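*Asks:* got a predicted structure here, sequence first:
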Amino acid sequence: MNPLTFLSILFTHFLIFISYAPLLASTLNFKLYEVVCIEYGVRVSPNIKGCLTALESDPRIPEANTYVALSIFIIDQAITNSTLSQNFLKNLMKKDYSPAIKQCANKDYNGIIKALKNALAFVIHNPQTAMTYLRRDLTYAEEKCSEAINADPKPYFEVNVLIRNLYFYQAITELSLNHLINQ
Ligand SMILES: *[C@@H]1O[C@H](CO)[C@@H](O)[C@H](O)[C@H]1NC(C)=O
């Protein structure tokens, strides 16, 4: 077989694989958090193991039997994680007077945590509204902090890690909520 034909067959199989992976995951009796991490691996970033390990730090998550429960526990973890990030930024602010740090530590992380709490409040009765809080308010606050940090001439590696953690939580919360919306 010519190598190009081989590659195109491989590519087609890959496409079939990625479009069916979530379906496959649910028919193979994976736990719900595993399904969400597989979807994350397929659609967002290939680090499925990192996703599983992060979520397993809350023992309730591997036991979650409904996407409502899973979404609630993931948002809980996101709120805890973001609160620790905000504390880190507030400490940093004491020795670093950059306006970007001040903005992230106060306004932006307040907005981030508020958006997550609002999303949490709507998971049970209106997951679509919970999704809106993530896509609109969380994204807005996250972008504001990220833009401020990137505009600062000083490189803030640790702050970029905090923001990346938040992108991770946003992505998996949205993937989990999707199961409540598209049914
Ligand atoms: C926040 O979440 C990320 C991703 O799960 C994790 O690597 C990090 O350790 C968490 N931070 C804290 C302070 O727990």
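*Replies:* Received it, and whenever you're ready, just let me know what you need. All values reported here derive from a predicted model rather than from experimental measurement.
*Asks:* can you give me the helices for this protein?
*Replies:* With DSSP state H as the criterion, the chain has helices at 3-27, 32-43, 48-56, 67-95, 99-103, 109-122, 127-132, 139-151, 157-181.
*Asks:* now check the second one, is it near the ligand?
*Replies:* No. Using Cβ under 6 Å from any ligand atom, helix 32-43 stays clear of the ligand, with a minimum separation of 11.5 Å. In short, each C-beta sits where N, CA and C put it, glycine included.
*Asks:* dump stretch 143-151 to PDB, restricted to CA.
*Replies:* What follows is stretch 143-151, C-alpha atoms only, in PDB (Å, rounded to 0.1, in the frame of the first residue of the first chain):
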ATOM      1  CA  GLU A 143      -9.800  36.700  30.300                       C
ATOM      2  CA  LYS A 144      -9.400  39.900  32.200                       C
ATOM      3  CA  CYS A 145      -6.900  38.400  34.600                       C
ATOM      4  CA  SER A 146      -5.100  36.600  31.800                       C
ATOM      5  CA  GLU A 147      -4.900  39.800  29.700                       C
ATOM      6  CA  ALA A 148      -3.600  41.900  32.600                       C
ATOM      7  CA  ILE A 149      -0.900  39.300  33.400                       C
ATOM      8  CA  ASN A 150       0.200  39.000  29.700                       C
ATOM      9  CA  ALA A 151       0.300  42.800  29.300                       C
END
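*Asks:* just the buried positions in it, please.
*Replies:* The neighbour-count check on stretch 143-151 (16 or more other Cβ atoms under 10 Å) flags Lys144, Cys145, Ser146, Ala148, Ile149 as buried.
*Asks:* repeat for stretch 114-127
*Replies:* In stretch 114-127, counting by 16+ other Cβ under 10 Å, buried: Ala115, Leu116, Asn118, Ala119, Leu120, Phe122, Val123, Pro127.
*Asks:* where in this protein is the helix or strand with the lowest mean pLDDT?
*Replies:* helix 3-27 (a mean of 63; mean pLDDT, DSSP states H and E).
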